[in-house]
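Asks: give me a 3D structure for the following:
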Amino acid sequence: MKTYIFESERLGFRNWTKEDLEPMSELNGDEEVMEFFPSTFSRAHTEKFIERMQEKFDAEGFCFYAVEKLENNEFIGFIGFVVTSFEADFTPCEEIGWRLKRAAWGKGYATEGAIRCLDYGFNELGFKSVKSFTTVSNFKSEKVMKKIGMKKIGEFDHPYVTEESGLKRHVLYSIDKTS
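Replies: Next up, the predicted model:
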C-alpha cells in the first residue's frame, strides 16, 4: 500500500520518485497534452522538473504532486502548487496547476484533485490566496478553474513565453480562503 500525503475520493497525492520519470516523460512528450506550451518537453527536461519538484517539496512542504488513481496506483500526472515568482503584479504567489495524461481526461480528475489540493493548501499549508493561469486559448483548464471556484481577475502577457508562439497572452484566476 502506497503512502500518500493526502487523498481525494479517487486520487492519491505524493512526492515524486525516480519511477515517475518514464510516465512523466511520455506525458510531457505528448503533443496533444502539451498543446498550450511552446513545445513538448524532453526526457532531460522532465528529469530536471522532477528534481525541482522534489526540492520544492523538501524546502516548502508542497509541489506539483505526483498523482495516482487509488484503485490501481496508476500514475496520471500532477496536480498541486508552486510558488510563482516571475515579474508580474500578482507575484510572488501560490499557484495551483495540473497536467494529466490524455487517458485521464474527461473523467473529472483535474477538478476533483484541484478541489482537494485547495482544501489542503488552505487548511494544512495556511495559504490565504491561490492563483492559476493559462494561455487564453486553453478553455479546458480555464473551465477547471471556474469549476473549483476560482474567479477571473484579469489577463497578462507571460514573461517567459514568446509572441511568436501565439501563447503569450494568459488568463489569470484567483481564489481566497474563506473563514
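Asks: helices of the chain, start to end?
Replies: 21-28, 43-60, 109-123, 139-147 (DSSP state H).
Asks: may I see the ones you listed organised as CSV, with distance to residue 164 added?
Replies: (Each C-beta comes from the backbone N, C-alpha and C, glycine too.) Shown next, in CSV, are the helices of the chain (distance: least, CB to CB, whole Å):
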stretch, distance to residue 164
helix 21-28, 21
helix 43-60, 20
helix 109-123, 29
helix 139-147, 22
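Asks: now render those as TSV, adding mean neighbour count.
Replies: Formatted as TSV, the helices of the chain follow (neighbours: other CB atoms under 10 Å):
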stretch	mean neighbour count
helix 21-28	18
helix 43-60	15
helix 109-123	20
helix 139-147	17
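Asks: tell me how far the longest strand along the chain lies from the chain's centre.
Replies: Ranked by number of residues, the top strand in the chain under DSSP state E is strand 75-84. When distances are taken as CA atoms, centre = their mean, to the nearest Å, strand 75-84 is centred 4 Å away from the chain's centroid.
Asks: in it, what counts as buried?
Replies: 75, 76, 77, 78, 79, 80, 81, 82, 84 (16 or more other CB atoms under 10 Å).
Asks: what is the nearest of those residues to residue 141?
Replies: residue 79 (11.6 Å; CB to CB).
Asks: the closest one reaches residue 13, doesn't it?
Replies: Yes: assessed by CB atoms under 8 Å, residue 79 is found in contact with residue 13 at 7.1 Å.
Asks: name the residues contacting each of the two.
Replies: 65, 67, 113, 117 (CB atoms under 8 Å, 6 or more residues apart in numbering).
Asks: can you tell me how far residue 143 is from residue 105?
Replies: Taking CB to CB, to the nearest Å as the measure, residue 143 falls 12 Å from residue 105.
Asks: partner residues bridging residue 152?
Replies: Per DSSP bridges, the residues bridged to residue 152 are residue 173.
Asks: before we move on, back to that, and the buried residues of strand 75-84 as JSON lines, adding distance to residue 20 and pLDDT?
Replies: Putting the buried residues of strand 75-84 into JSON lines (distance: CB to CB, whole Å; pLDDT from 0 to 100) gives the following:
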{"residue": "75", "distance to residue 20": "6", "pLDDT": "98"}
{"residue": "76", "distance to residue 20": "11", "pLDDT": "98"}
{"residue": "77", "distance to residue 20": "10", "pLDDT": "98"}
{"residue": "78", "distance to residue 20": "9", "pLDDT": "98"}
{"residue": "79", "distance to residue 20": "14", "pLDDT": "98"}
{"residue": "80", "distance to residue 20": "13", "pLDDT": "98"}
{"residue": "81", "distance to residue 20": "17", "pLDDT": "98"}
{"residue": "82", "distance to residue 20": "17", "pLDDT": "98"}
{"residue": "84", "distance to residue 20": "22", "pLDDT": "96"}
